[in-house]
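[1] Provided below are the primary sequence and the corresponding predicted coordinates.
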Amino acid sequence: MPIKVQQNLAATDILENENIFVMTEKRAITQDIRPLRVLVLNLMPTKVETETQILRKLSNTPLQIEVEFLQTATYQSTHTDADYLNQFYTTFDEVKDDYYDGLIITGAPLEEVRYEDVEYWDELVDIMKWSKKHVHCTFYLCWAAFAGLYYHYGIDRIYFNKKISGIYSHRILNKKSPLFRGFDDVFYAPHSRGIGISRDDILAQPKLELMAESDVAGVTIVKSEDSRQFYVFCHTEYDSDTLKKEYERDVEKGLNPEIPENYFPDDDPTRDPIVNWRAAGQLLYTNWINYYVYQTTPYDVNEVQNEPED
């Protein structure tokens, strides 16, 4: 079944060329079925690339998913054309009275910035607070996962001695969880960050469950006890060349970056990376949307009721 997007969204042509079923609004209104409503708060400067990666992962389910994109109002992106954002993105004021089956909040290049110093921090806090009553299940990705754990549970990030960049193996700690249905016991995923979360801090919080971890990358997937919040620190949505582009960008800037680990064959940046995380990434998003959104959300999305707002 398809993902439903606005007419002429930039990612549409890319996905259709990959043989992914994308349904425009015009066709969707002829079908007598309630699509899942998923809101994506895209905090990345590379808006179109991130849209495409997330839509690709949401596409391979037997469900119709209506995807809306949200931007911050307190910070205007300088990397994406304003006309494009005005056409395809909404703001919090425009959706704050609505209800959604799912919410995805992306990462952002803000590792070194104190949370309270982020230009749109107050707006993000309002959105996270709002989500507890207006969203059935929220998926926090990378930097957003750090921000979410900080806001909801007071768990702060820790800094690594050096940035981790590459493809790492991960252990599944709850093999019976529907989130990992179809997974191998060990799965691979990209990471690119210089911060992490203390394992002890997660285990000390009774309302959180550690779901997957890596010997190198550390805490990787955490969920709330009620399965209404997921915190994911790996990037299974990455394209094959995402880390390559990041590495080449840093080389051009004269930053002398280390070659991403376990990524280029024989650590040779002139060779094409071998993708070994795509299947796990597809399962992660498909299982989340099926078992933790579709299977438990009310048929009338306006009846979504989560924990009370603070």
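    Alright, I've got the coordinates.

[2] in stretch 76-91, what's buried?
    Under the neighbour-count criterion of 16 or more other Cβ atoms under 10 Å, stretch 76-91 has 77, 80, 85, 88, 89, 90 buried. To be clear about C-beta, it is placed using only N, CA and C from the backbone, and glycine gets the same treatment.

[3] do you know how far the fifth one is from residue 179?
    Yep, that's residue 89 we're talking about. Distance of residue 89 to residue 179, given as Cβ to Cβ, to the nearest Å: 29 Å.

[4] over to the second one?
    When distances are taken as Cβ to Cβ, residue 80 and residue 179 turn out to be 32 Å apart.

[5] closest to residue 36 among the buried residues of stretch 76-91?
    Lowest distance from residue 36 to the buried residues of stretch 76-91 (Cβ to Cβ) belongs to residue 90, with 17.3 Å.

[6] what bridges to the closest one?
    residue 70 (DSSP bridges).

[7] so for it, what's the pLDDT?
    Looking at residue 90, its pLDDT stands at 95.

[8] so what touches stretch 150-163?
    Residues outside stretch 150-163 that contact it (Cβ atoms under 8 Å, 6 or more residues apart in numbering) are 111, 115, 124-125, 128, 146, 149, 192-198, 201-202, 205, 207-208, 224, 229, 257-258.

[9] for it, give the mean pLDDT please.
    96.

[10] CA atoms only: put it into PDB for me.
    Coordinates of each C-alpha in stretch 150-163 appear next as PDB, following Å, rounded to 0.1, in the frame of the first residue of the first chain:
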ATOM      1  CA  TYR A 150      16.400  15.300  28.200                       C
ATOM      2  CA  TYR A 151      12.900  16.900  28.100                       C
ATOM      3  CA  HIS A 152      10.800  13.900  29.200                       C
ATOM      4  CA  TYR A 153      13.200  12.200  31.700                       C
ATOM      5  CA  GLY A 154      16.000  14.700  32.500                       C
ATOM      6  CA  ILE A 155      18.600  12.400  31.000                       C
ATOM      7  CA  ASP A 156      21.500  14.400  29.500                       C
ATOM      8  CA  ARG A 157      23.900  13.400  26.800                       C
ATOM      9  CA  ILE A 158      27.400  12.300  27.400                       C
ATOM     10  CA  TYR A 159      30.400  13.200  25.100                       C
ATOM     11  CA  PHE A 160      32.600  10.600  23.500                       C
ATOM     12  CA  ASN A 161      36.400  10.900  23.300                       C
ATOM     13  CA  LYS A 162      36.100  11.000  19.600                       C
ATOM     14  CA  LYS A 163      33.300  11.000  17.000                       C
END
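
[11] buried residues in that stretch?
    For stretch 150-163, a neighbour-count test (16+ other Cβ under 10 Å) marks 150, 151, 152, 153, 155, 157, 163 as buried.

[12] tell me the strands beside the helix or strand where residue 189 lies, with direction?
    For residue 189, the host element (DSSP states H and E) is strand 186-196. Strand 186-196 has the following sheet partners, assigned by DSSP bridges: strand 158-172 (antiparallel).

[13] after the least confident helix or strand in the chain by mean pLDDT, which helix or strand is next? Please name it.
    The helix or strand of the chain with the poorest confidence is helix 25-28; it has a mean of 55 (mean pLDDT, DSSP states H and E). Next helix or strand after helix 25-28 toward the C-terminus (DSSP H and E): strand 36-41.

[14] report all helices and strands that that next one contacts.
    Other helices and strands packing on strand 36-41, by 3 or more Cβ pairs under 8 Å, 6 or more residues apart in numbering; DSSP states H and E, are helix 47-58, strand 65-70, strand 100-105.

[15] most packed of those?
    With neighbours taken as mean count of other Cβ atoms under 10 Å, those reach their highest mean count in strand 100-105, at a mean of 25.

[16] how far does that one sit from the chain's center?
    10 Å (Cα atoms, centre = their mean, to the nearest Å).

[17] okay, now the sheet partners of that strand, with direction.
    Those paired with strand 100-105 in the sheet (DSSP bridges) are strand 36-41 (parallel), strand 135-141 (parallel).

[18] and residue 105, what does it touch?
    Shown in contact with residue 105 (Cβ under 8 Å, 6+ apart): 40-41, 43, 124, 127-128, 138-141, 144, 147-148.

[19] how near is the residue nearest to it when sequence neighbours are not counted to residue 46?
    Nearest residue to residue 105, sequence neighbours excluded (Cβ to Cβ, 6 or more residues apart in numbering): residue 144, at 3.9 Å. For residue 144, the distance to residue 46 (Cβ to Cβ) stands at 15 Å.
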